[in-house]
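*Asks:* Fold the following.
(5 chains)
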Amino acid sequence: MIFGKVVGTVVASSRNDGLEGPRYLLVERTSQCGEKKGEFVVALDIIGAGYDELVLVTEGSPSRETPLTVNKPVDALIVGIVDQVDENDRVIYRK
Amino acid sequence: MIFGKVVGTVVASSRNDGLEGPRYLLVERTSQCGEKKGEFVVALDIIGAGYDELVLVTEGSPSRETPLTVNKPVDALIVGIVDQVDENDRVIYRK
Amino acid sequence: MIFGKVVGTVVASSRNDGLEGPRYLLVERTSQCGEKKGEFVVALDIIGAGYDELVLVTEGSPSRETPLTVNKPVDALIVGIVDQVDENDRVIYRK
Amino acid sequence: MIFGKVVGTVVASSRNDGLEGPRYLLVERTSQCGEKKGEFVVALDIIGAGYDELVLVTEGSPSRETPLTVNKPVDALIVGIVDQVDENDRVIYRK
Amino acid sequence: MIFGKVVGTVVASSRNDGLEGPRYLLVERTSQCGEKKGEFVVALDIIGAGYDELVLVTEGSPSRETPLTVNKPVDALIVGIVDQVDENDRVIYRK
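*Replies:* Residues are numbered from 1 along each chain as shown, chains lettered A, B, ... in the order given. This next block holds a predicted model:
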């Protein structure tokens, strides 16, 4: 999984992904501290992540492995909102 | 998913992908604003994306997860035509 | 899918891929015009692509999605021989 | 599989991965000698890897192929704790 | 598939991959001529590849598609020992 921050939303009208409810979010990749990297991915959000929240994004085929995304053409999924990251016994990020 | 613009078409006569109707489109990767990056991918189109439209492309195994592409050897699929992108509460792309 | 040109063959005697007939081809990645890039991949060929032909290669898990490659450990497959590529309403490649 | 060292932990409160017990660990990629590379991945740990241990990480879809992770949206999994690495008949890492 | 040479072995004691017999080998990526590139991957070996042999490695999900690796968390598998490589009608590698 990679770290990212929610920076926006993407609206697509002719989606053929078979998904009605979930939103596509614009996510900027970050370091484990939450520092933005200037690289972006569009990820599906099924947990209600909010603007500027640090999230974990699963990429590729495993994105389909939730009840809402099973058998859907999704290659990036927000799987968690990060509360805390520890590195070398030091808290480097806290929500 | 990644952003891209439809810039052309690819015709292949000896396809062994088991697909009759869908077209292969030449897609140039773009930023979330639609700025072209000079990188290209051939993606299958099953929604009728038109020339110069900004699209979302799903890569890898999830490309097979539509009724038309199930169990087909497709690794890039256009899953939506982008209407609007918001970043930091600002509209950065509108169709 | 990516573009490539067939530049050679690879013979492997102790294959455990469960494949008898198909050949491994040495494919050099190209631009959409057919310009070689100096990057190579070994792809399975089940359609009889010939030397110097421009082909479409599917990468990763979808390579298994043909009757001949189902449940085989193949991560690159030639899925079509390119006849023509159009970019910005101009023919940039013709077989 | 890639090499990495466990350098920290990641706590996410709104996980939708369907996983209760396993922990997300912060893993820094290393060479086969255990030299850190400054690149990080969040991997699921189901074997109890400890701080600073050299581990093998499986990436992508195969991460789901354990009894604990089957059908879960996990794209990186610690599959082993490295005891010894030999290169060119020389021991280059020993736990 | 990519080319690589077997340069070593990796022993991991707490493997949770469900595999008993097969070995993890340290493989250095090479060109099609067998020239080493300084990039390494840990691949599962189920065919008995020997030290310094040029092999073909399948990456990602297709690695699971053999009787021995089905449903295992393996993302790199040695699928063949290379006997000969031809490029532009010239033999560039022979075992």
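
*Asks:* Show me what from chain A comes close to chain B.
*Replies:* A:7-18, A:24, A:26, A:40-43, A:51, A:60-61, A:63-64, A:71-76 (CB under 8 Å from any CB of the partner chain). In short, each C-beta sits where N, CA and C put it, glycine included.

*Asks:* Let's see the ChimeraX selection covering just the buried ones among those.
*Replies:* Buried members of those, defined by 16 or more other CB atoms under 10 Å in any protein chain shown, are picked up in ChimeraX with:
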select /A:7,8,9,10,11,12,14,15,16,17,24,26,40,41,42,43,60,61,63,64,72,73,74,75,76
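
*Asks:* contacts with chain C among the residues of chain A next to chain B, please.
*Replies:* When contact is defined as CB under 8 Å from any CB, these meet chain C at residue A:61.

*Asks:* Just the residues of chain A next to chain B: which are in helices?
*Replies:* Among the residues of chain A next to chain B, DSSP state H puts none in helices.

*Asks:* Okay, now the unreliable bits of chain A?
*Replies:* A:14-21 (pLDDT under 70).

*Asks:* tell me the centre residue of it?
*Replies:* A centroid search over chain A (CA atoms, centre = their mean) returns residue A:78, at 3.1 Å, as the residue closest to the centre.

*Asks:* so residue A:42 touches residue A:10, yeah?
*Replies:* Yes: if you go by CB atoms under 8 Å, residue A:42 and residue A:10 touch, sitting 5.3 Å apart.

*Asks:* Tell me the residues that contact both of the two, please.
*Replies:* Taking CB atoms under 8 Å, 6 or more residues apart in numbering or on different chains as the contact rule, the neighbours common to residue A:42 and residue A:10 are A:24, A:25, A:26, B:32, B:56.

*Asks:* CA atoms of the stretch of helix or strand residue A:5 belongs to as PDB?
*Replies:* Using DSSP states H and E, residue A:5 falls within strand A:2-12. Output in PDB follows, covering the C-alpha atoms of strand A:2-12 (Å, rounded to 0.1, in the frame of the first residue of the first chain):
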ATOM      1  CA  ILE A   2       1.100   3.600  -0.600                       C
ATOM      2  CA  PHE A   3       0.500   6.800   1.300                       C
ATOM      3  CA  GLY A   4      -1.400   9.600  -0.200                       C
ATOM      4  CA  LYS A   5      -3.500  12.700   0.600                       C
ATOM      5  CA  VAL A   6      -6.900  13.400  -0.800                       C
ATOM      6  CA  VAL A   7      -6.600  16.600  -2.800                       C
ATOM      7  CA  GLY A   8      -9.700  16.600  -5.000                       C
ATOM      8  CA  THR A   9     -12.400  14.800  -6.800                       C
ATOM      9  CA  VAL A  10     -13.000  13.500 -10.300                       C
ATOM     10  CA  VAL A  11     -16.400  13.400 -12.000                       C
ATOM     11  CA  ALA A  12     -16.800  11.000 -14.900                       C
END
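
*Asks:* does chain D sit close to it?
*Replies:* Yes: shown here: strand A:2-12 in contact with chain D (CB under 8 Å from any CB) through A:2, A:3.

*Asks:* what are the pairing partners of that strand, and which direction each?
*Replies:* When pairing is defined by DSSP bridges, strand A:2-12 lines up against strand A:23-30 (antiparallel), strand A:54-59 (antiparallel), strand B:76-87 (antiparallel).

*Asks:* Give me the angle between the helix or strand that the last one is followed by and strand A:2-12.
*Replies:* It stands for strand B:76-87. Downstream of strand B:76-87, the next assigned helix or strand under DSSP H and E is strand B:90-94. Per axes from the mean of the first three to the mean of the last three CA atoms, to 10 degrees, the angle that strand B:90-94 makes with strand A:2-12 is 60 degrees.

*Asks:* Strand B:90-94: how far from the chain's middle?
*Replies:* 20 Å (CA atoms, centre = their mean, to the nearest Å).

*Asks:* May I ask which two of the shared contacts of residue A:42 and residue A:10 are separated the most?
*Replies:* Greatest spacing in the shared contacts of residue A:42 and residue A:10, by CB to CB: A:25 and B:56 (12.2 Å).

*Asks:* which residues are common contacts for the two?
*Replies:* Residues touching both residue A:25 and residue B:56 (CB under 8 Å, 6+ apart): A:10, A:42.

*Asks:* Out of the shared contacts of residue A:42 and residue A:10, flag the one nearest to residue E:90.
*Replies:* For the shared contacts of residue A:42 and residue A:10, the closest approach to residue E:90 (CB to CB) belongs to residue B:56, at 43.7 Å.

*Asks:* Show me the beta-bridge partners of the closest one.
*Replies:* In beta-bridge terms (that is, DSSP bridges), residue B:56 pairs with residue B:3, residue B:80.

*Asks:* Distance check, it against residue C:51.
*Replies:* 37 Å (CB to CB, to the nearest Å).

*Asks:* ditto for residue A:39
*Replies:* 39 Å.

*Asks:* Wait, residue A:3 touches residue A:31, no?
*Replies:* Yes: at 6.7 Å, residue A:3 counts as touching residue A:31 under the criterion of CB under 8 Å.
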